[in-house]
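Q: dropping a prediction and its sequence here:
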Amino acid sequence: MKCYKRIIPLILACMMLAGCGQNVYKKGVESLENKDYAAAQENFQKAVEDKNRGLGIAYYEQEKYKDALAAFENAVSAGTKETGTICNMMAVCKMQTENYEDAISYYEKALDHSDCSDDMKQEIQFNVIVCYEKLEDWDNAKAKLEDYVTAYPDDEKAAKEAEFLKTR
């Protein structure tokens, strides 16, 4: 989760540059006044998406995972693009609330997106192993760990996990 400390300011800066929040809302009001209803709808929708995504990030950083997940889900259902970063954050929320099966699904979605850095991919792959362990699905945990160790042979945490999984 440490990579989010670097990502959050970047996301917030992008949101501000994209004209989120009140600026988008003001554009929506202006569009209504100019009878450009399609633009008004688009701007109001964007304001809702940005608000939910921003709320999700704020809750996430406070470790209020249920609230963060709800805000992220609202943002996605309102039309926010589901990025690897958002999917990963949603997966962490699911994992922290002990919904490991859904966490694995979100982690897999995250890996399908091009915005995942190498560090994020490594973290995701390790977290998938942990989820399988929590589900006591030892065969999948061992298989994922084998893939992980092949990709990251110097990871000391993986060596500890391998020792743990030998007892299962």
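A: Great, that's in hand.
Q: so Tyr132 makes contact with Lys144?
A: Yes. Counting by C-beta atoms under 8 Å, Tyr132 does reach Lys144; the two are 6.2 Å apart. Glycine gets a C-beta too; all of them are placed from N, C-alpha and C.
Q: so where's the longest helix in this structure?
A: The helix that spans the most residues within the chain, counting by DSSP state H, is helix 37-61.
Q: what mean pLDDT does it have?
A: If you average the pLDDT over helix 37-61, you get 83.
Q: check stretch 143-163 too.
A: Stretch 143-163 comes out at a mean pLDDT of 93.
Q: list the buried ones in it?
A: Neighbour-count burial for stretch 143-163, counted by 16 or more other C-beta atoms under 10 Å, picks out Lys144, Leu145, Tyr148, Val149, Ala158, Glu161.
Q: same check, this time on stretch 86-106
A: 86-96, 99-100, 102-106.
Q: now swap in stretch 29-41 and tell me
A: Those would be Ser31, Ala40, for stretch 29-41 by 16+ other C-beta under 10 Å.
Q: distance between the ends of it?
A: Length of stretch 29-41, first residue to last, C-alpha to C-alpha, to the nearest Å: 10 Å.
Q: can you list the residues that contact it?
A: Identification of contacts with stretch 29-41 by C-beta atoms under 8 Å, 6 or more residues apart in numbering yields Lys27, Gly28, Asn43.
Q: which SS state does Ser114 fall under?
A: Classification of Ser114 using DSSP: H, G, I helix; E, B strand; the rest coil returns coil.
Q: for it, phi and psi?
A: phi -80, psi -10 (degrees, to the nearest 10).
Q: hey, where'd the helices end up in the protein?
A: Assigned helices in the chain, in chain order: 4-17, 22-33, 37-61, 65-77, 84-96, 100-111, 118-134, 138-151, 156-166 (criterion: DSSP H).
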